[in-house]
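Asks: got a predicted structure here, sequence first:
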Amino acid sequence: MVALIAVASMVPGLLAGLQSSGIDYDAVAYRTGVILTEDPGWPGWPVYPPWEMKDQYHKDEIERMGLAVSNETPNILLSTKIEKFFNDTFFTTDDYRSKAIFGEIPYSYNITLRSLDGRYNHKVGQETPEGYGYIRRVVKIKEPSVAVIDGSLKERYTISPGDNSTTRTFTVRLDFSRLLNASIDPAYRIDPLTEPVNITITNFSEYLNKTDETVKNATLKSVTFRRGSSSIRFPFPYDTENPDLYTLSLDGNPYDLKPEAPVESNISLVLKPPATSLFPLDQNSILDIRFTFENDPPHTNITGIHYYDYNPKNVTRPALKPAVLEVAIW
Amino acid sequence: MVNDSGQLYTMEGIAAGLVMLLTAYLILSTTSIYTPGDTHIPDMQLEQLGSDVLAMMDTPDREGEESQLVGFVKNGTGTCGGDELRDEFLDNCKMRSDDPDENLRAQVYLSYRRSDGSVNTTPLSSVDPEFTGRENAVRVTHWVHLPPGSHSIPNIDTSRPHAVLVEVLLWRV
């Protein structure tokens, strides 16, 4: 009889398992929030390339998607990781479940990121129902730096009088040993291997040869790359535009790396991390990006080397942007 | 014919009845499973939010700059630095992808060491007229590194850097 009582009192314990799954959604949402805001993801530093640079054929190598710049900078998110994560044509629902949410149950999810100024307004997942597990994290977004060369730098980058050559080259130099400086906090570091390199030459009319009144533009012959003192080939054809690797626009119009087209007021080159990773570079390399202008007689007097480094006069690093990340799980 | 041989049957019957009642009671009492952690989950979410906001307010937006939180603390009680701190803190907490989460209130306190060595805790933001003291509030704290120099904080030694504690009570109305 006593044994029967003991067994009878254990029967409700069999039913208990069905009741407790209701509270797990907040825990799963919290865990996903931590993975997204405090983890840089895997593969991540020190393994290169990081997960956000994997293409369609290597997507399975991504183990975990995290948006943090590094594991030393929680709540500071990297814009390249954000753009990749919220690309739901690249990632499927199963990818989000297995690489960000985890767990054996296929949870429904809704993850949104919105910056205070509205520039980032991303959403991925399904529409939220009445009740769901939820977490809200406040973060800051790190955006890539820009080197702006405008008319005010004209004195630095004009040829000395008496120079009779017909080609004009303007170089932007990335010294990796200076850039990948470990004493700079990762939240403010310039890393061309993981973030786009953005070079913008504006007020180009200031650099034109003013002695000839008919000169209204100069012809940009090509954009080439050098490592140290030797020229290196861009590992993709120069005459194919490839927006995943770079964008080059002259006066707002897109071109490939051999434009041979006239430019009047501005040049903008964005070199993306998948392109930079194709060059054979290490932490001590120097990468030169050369803009070659050719006209006979020359239409522009631009020359010189512009250093892409931490000097605020050379490179503008944008301020960190406040944003809010919300994760809903049901 | 009236004898006591039936007593045993009666007692057995009563004992059986009691055993059945006991069994029924045991079964019914074990079906309700109390999970006392349930009420703490909204508190955890609020605490994480407040902690994130304080950490982000103490992160400079550009390298080498002073963080927003240090600026507010330096202004202290004198020039309404505390009220600005409280308002900025709440604005960041209310930020959401759709409409702002308006039902949040906060109160800020500052703890620091006075020049005579004693520790002082002072309210930094002006008193909220709706604050009754009985709100279900969470407490989030953040250590702030204050550089030497003049501040509007009373009785503080301005010749050396300080580590001061900013404490915020955050609650939902």
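Replies: The structure has been received and is ready for your questions. All values derive from a computational prediction rather than experimental measurement.
Asks: from residue B:51, how far out is the residue most central in space within chain B?
Replies: When CA atoms, centre = their mean is applied to chain B, the residue found nearest the centroid is residue B:138 (1.3 Å). Relative to residue B:51, residue B:138 is positioned 9 Å away (CB to CB, to the nearest Å). C-betas here are computed from N, CA, C, even on glycine.
Asks: quick one, what contacts residue 73?
Replies: Just so you know, I chose chain A. By CB atoms under 8 Å, 6 or more residues apart in numbering or on different chains, the contact list for residue A:73 reads A:185-187.
Asks: sorry, should have said chain B
Replies: Contacts for residue B:73 (CB under 8 Å, 6+ apart) come out as B:81, B:85, B:110, B:124, B:144, B:146, B:151, B:153, B:164, B:166.
Asks: top of the contacts of residue A:73 by neighbour count?
Replies: When neighbours are counted by other CB atoms under 10 Å in any protein chain shown, residue A:187 leads the contacts of residue A:73 with 21 neighbours.
Asks: export the strand or helix carrying residue A:28 as PDB, just CAs?
Replies: Using DSSP states H and E, residue A:28 sits in helix A:24-38. Output of helix A:24-38 as PDB, limited to C-alpha atoms (Å, rounded to 0.1, in the frame of the first residue of the first chain):
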ATOM      1  CA  ASP A  24      12.200  29.200 -22.000                       C
ATOM      2  CA  TYR A  25      11.500  31.700 -24.700                       C
ATOM      3  CA  ASP A  26      12.900  34.600 -22.700                       C
ATOM      4  CA  ALA A  27      16.000  32.600 -21.900                       C
ATOM      5  CA  VAL A  28      16.600  31.800 -25.600                       C
ATOM      6  CA  ALA A  29      16.000  35.400 -26.600                       C
ATOM      7  CA  TYR A  30      18.500  36.500 -24.000                       C
ATOM      8  CA  ARG A  31      21.100  34.000 -25.200                       C
ATOM      9  CA  THR A  32      20.600  35.100 -28.800                       C
ATOM     10  CA  GLY A  33      20.900  38.700 -27.700                       C
ATOM     11  CA  VAL A  34      24.300  37.900 -26.000                       C
ATOM     12  CA  ILE A  35      25.500  36.100 -29.000                       C
ATOM     13  CA  LEU A  36      24.700  39.000 -31.300                       C
ATOM     14  CA  THR A  37      25.900  41.800 -29.100                       C
ATOM     15  CA  GLU A  38      28.800  40.500 -27.200                       C
END
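Asks: contacts for the helix or strand following it?
Replies: Using DSSP H and E, the helix or strand that follows helix A:24-38 towards the C-terminus is strand A:41-42. By CB under 8 Å, 6+ apart, the surrounding residues in contact with strand A:41-42 are A:50-52, A:62-68, A:81.
Asks: which of those fall within strands?
Replies: Among the contacts of strand A:41-42, the members falling in strands (DSSP state E) are A:64-65.
Asks: of the contacts of strand A:41-42, closest to chain B?
Replies: Chain B lies nearest to residue A:68 out of these, by CB to the nearest CB, at 12.8 Å.
Asks: re the thing from before, and which of the contacts of residue A:73 is nearest residue A:44?
Replies: Comparing these against residue A:44 with CB to CB picks out residue A:186 as the nearest, at 11.5 Å.
Asks: the closest residue to that closest one other than its chain neighbours - how many residues pack around it?
Replies: With CB to CB, 6 or more residues apart in numbering or on different chains as the criterion, residue A:186 has its nearest non-adjacent residue at 4.3 Å, and that residue is residue A:70. Residues lying near residue A:70 (other CB under 10 Å) number 18.
Asks: do residue A:179 as well
Replies: Look at residue A:179: counted by other CB under 10 Å, it has 22 neighbours.
Asks: now do the contacts for it.
Replies: By CB under 8 Å, 6+ apart, the contact list for residue A:179 reads A:189-192, A:308-310.
Asks: name the nearest of these relative to chain B.
Replies: Nearest to chain B among the contacts of residue A:179, counting by CB to the nearest CB, is residue A:310 at 8.1 Å.
Asks: what about that closest one, which SS state?
Replies: Judged by DSSP: H, G, I helix; E, B strand; the rest coil, the three-state class of residue A:310 is coil.
Asks: how about residue B:165?
Replies: With three-state DSSP as the basis, residue B:165 sits in strand.
Asks: now do the contacts for the closest residue to it other than its chain neighbours.
Replies: Leaving aside its chain neighbours, residue B:165 sits nearest to residue B:111 (4.2 Å; criterion: CB to CB, 6+ apart). With contacts defined as CB under 8 Å, 6+ apart, the neighbours of residue B:111 are B:119-122, B:164-165, B:167.
Asks: and residue B:111, that one's in a strand?
Replies: Yes: using three-state DSSP, the assignment for residue B:111 is a strand.
Asks: distance from the longest helix along chain B to the middle of the chain?
Replies: The longest helix of chain B (DSSP state H) is helix B:7-30. On the basis of CA atoms, centre = their mean, to the nearest Å, helix B:7-30 sits 49 Å off its chain's mean C-alpha point.
Asks: residues touching that helix, excluding its own?
Replies: The contact list for helix B:7-30 (CB under 8 Å, 6+ apart) reads A:1, A:4-5, A:8-9, A:11-13.
Asks: cool, stretch A:255-269 as well?
Replies: With CB under 8 Å, 6+ apart as the test, stretch A:255-269 has contacts from A:198-205, A:216-224, A:234, A:238-241, A:246-253, A:289, A:291.
Asks: distance between the ends of that stretch?
Replies: Terminal residues of stretch A:255-269 lie 10 Å apart, using CA to CA, to the nearest Å.
Asks: now that stretch: average pLDDT?
Replies: Averaging pLDDT along stretch A:255-269 gives 90.
Asks: buried residues, it. List them.
Replies: Across stretch A:255-269, burial judged by 16 or more other CB atoms under 10 Å in any protein chain shown covers A:255-259, A:263, A:266-269.
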